[in-house]
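Enquirer: Need a 3D model of the following:
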Amino acid sequence: MAQLTVGDKAPDFSLSGNDGKKYSLKDFKGKKLVLYFYPKDDTSGCTKEACSFRDNLSLIKKKGAVIIGVSPDDTPSHEKFITKYDINFTLLSDESKDMLKAYGVWKEKSMYGRKYMGVERTTFIIDEKGKLSHIFTKVKVDGHTEAVLTALAE
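Expert: This next block holds a predicted model:
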């Protein structure tokens with residue numbers, strides 16, 4: 001899959017959320033969508049990122065945006081994560097990794113010299129018309145929510 005760039009039409013998707021509902025891109029037409037991809041529920045960086053978005057959800061909503069998190073974890077894993085940390089937005093489960101691949105975030109990673117496939121922490125802001133307005137790659141959790149809020153204000 002070619003790397004997505006700002007101005008591209010966001011790839012469509014159809015995934016189950018933690019609430020059991022199916023979600024697709026058209027469900028967010030007319031709204032800004034903060035779509036963030038993270039590696040794994042209940043790990044330190046992913047928890048910190050989710051909690052930061054949770055704590056700033058009212059500011060994100062004030063900017064006319066909705067936030068959705070996506071990882072390859074299954075729905076029961078998302079449910080536990082949401083309950084444990086009182087996450088107040090939807091998490092989508094992409095066990096097939098089709099959406100992760102469509103958005104170009106399923107990549108070869110390396111840890112301690114071992115190579116493996118995993119999610120590169122990435123956030124996309126999709127405008128009201130379904131186009132990519134901002135892309136944050138290789139996200140560092142500290143300061144990320146603030147950068148997203150700044151981008152939403154543009």
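Enquirer: Just checking, which helix or strand of the protein averages the lowest pLDDT?
Expert: Across the helices and strands of the chain, mean pLDDT, DSSP states H and E gives its lowest value to strand 106-111, namely a mean of 88.
Enquirer: buried residues in whichever helix or strand comes after that strand?
Expert: From strand 106-111 onward toward the C-terminus, using DSSP states H and E, the following helix or strand is strand 114-119. Neighbour-count burial for strand 114-119 flags 118-119 (criterion: 16 or more other C-beta atoms under 10 Å). C-beta here means a position set from N, CA and C on the backbone, and glycine is covered the same way.
Enquirer: The next helix or strand after strand 114-119 to strand 106-111, inter-axis angle?
Expert: Counting by DSSP H and E, the next helix or strand C-terminal to strand 114-119 is strand 122-126. Interaxial angle, strand 122-126 versus strand 106-111 (axes from the mean of the first three to the mean of the last three C-alpha atoms, to 10 degrees): 150 degrees.
Enquirer: Give me the mean pLDDT for strand 122-126.
Expert: For strand 122-126, mean pLDDT rounds to 97.
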